[in-house]
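Chemist: have a look at this fold, sequence not included:
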Ligand SMILES: Nc1ncnc2c1ncn2[C@@H]1O[C@H](COP(=O)(O)OP(=O)(O)OP(=O)(O)O)[C@@H](O)[C@H]1O
């Protein structure tokens with residue numbers, strides 16, 4: 001039988017979800033930095049390495065995971081209570097975007113949004129998972145803080161671009177996770193460099209080295225620097241995350257190595273015995 005990934009410690013006052021060994025939150029201080037794209041590709045890359053992976057789209061106001069994974073149709077609820085996640089590219093996924101009309105704007109206030117997410121987390125039939133990646137809403141407001149406090153996470157990943165305005169907000173995300181005792185497993189610097197597909201010229205459109213500087217300053221690992229690559233956007237829009245591309249490109253490599261570094265960072269955290277108790281979020 002294949003060796004399974006261990007469960008790692010969560011916030012001191014919470015218990016891990018049964019059957020879900022490690023919840024990893026993906027956050028960003030700022031919107032539009034590529035948090036969802038990164039979450040999707042990391043989830044698929046971990047599954048490609050043999051892990052059992054789930055993806056929860058907690059970006060309730062702009063759920064983009066269904067499109068990025070190419071998911072269609074409504075999830076089943078055989079008993080009228082629990083919901084069956086949908087499956088794509090080796091990952092099981094759940095999103096509020098699968099349960100409401102695409103054109104319906106989410107106008108919920110904080111408490112409603114967090115209780116809807118708690119329900120999605122608890123009522124989805126995830127099955128046995130090694131990793132559940134949670135794509136948080138962008139920012140560091142009340143909703144994000146409440147989620148970081150209530151979801152029993154083993155660690156967080158912060159996505160930023162190298163630009164000063166993005167790293168400034170990413171620092172706030174880092175502080176937010178520290179405040180609620182969620183270990184930051186590392187930073188991912190997205191859109192770090194653009195290589196012209198015609199002439200090969202490398203250009204640092206959003207500045208150079210912002211992610212590395214921030215990682216060094218705060219003593220957190222830089223899990224990866226991902227290029228700005230039109231294929232990431234095109235494939236994301238068509239529901240086939242770039243890591244599913246059989247062509248071995250530098251971009252595919254950088255996502256896969258980022259996923260491996262993430263798994264290694266998590267494996268160094270304190271382990272817990274097999275989770276038995278049910279975590280009830282309110
Ligand atoms: N490395 C990349 N190269 C090219 N395009 C990218 C890259 N990363 C993300 N994108 C594109 O940038 C846009 C924003 O990405 P995404 O939706 O993942 O960001 P986000 O931070 O989750 O946004 P939001 O704050 O709205 O949730 C998308 O069109 C996506 O395809």
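Modeler: Sure thing, it's come through. In this text, all values refer to a predicted model and were calculated from it rather than measured experimentally. Numbers count the residues shown, from 1 in each chain.
Chemist: what does the stretch 51-200 of the chain put close to the ligand?
Modeler: Counting by CB under 6 Å from any ligand atom, the residues of the stretch 51-200 of the chain close to the ligand are 59, 62, 64, 138, 190, 191. The C-beta positions use only the backbone N, C-alpha and C, and glycine is treated the same way.
Chemist: could you redo the last one with a cut-off of 8 Å?
Modeler: Taking CB under 8 Å from any ligand atom as the contact definition, the stretch 51-200 of the chain meets the ligand at 59, 62, 64, 68, 135, 137, 138, 159, 190, 191.
Chemist: buried only: go through those for me.
Modeler: 59, 64, 68, 135, 137, 138, 159, 190, 191 (16 or more other CB atoms under 10 Å).
Chemist: out of those, which is nearest to residue 255?
Modeler: residue 190 (10.3 Å; CB to CB).
Chemist: and the pLDDT at the residue of the chain positioned farthest from its centre?
Modeler: Farthest-out residue of the chain from its mean C-alpha position, per CA atoms, centre = their mean: residue 199, at 33.4 Å. We have a pLDDT of 83 for residue 199.
Chemist: that one: what secondary structure?
Modeler: Following DSSP: H, G, I helix; E, B strand; the rest coil, the label given to residue 199 is coil.
Chemist: distance of it from residue 67?
Modeler: Counting by CB to CB, to the nearest Å, the separation of residue 199 from residue 67 is 32 Å.
Chemist: what's the answer for residue 227, then?
Modeler: Residue 227 is 22 Å from residue 67, where distance means CB to CB.
Chemist: also residue 268?
Modeler: Taken as CB to CB, the span from residue 268 to residue 67 is 34 Å.
Chemist: the more surrounded of those two?
Modeler: Legend: neighbour count by other CB atoms under 10 Å for residue 268 and residue 67, higher for residue 67 (18 against 10).
Chemist: state the distance from the more buried one to residue 83.
Modeler: Relative to residue 83, and taking CB to CB, residue 67 is found at 19 Å.
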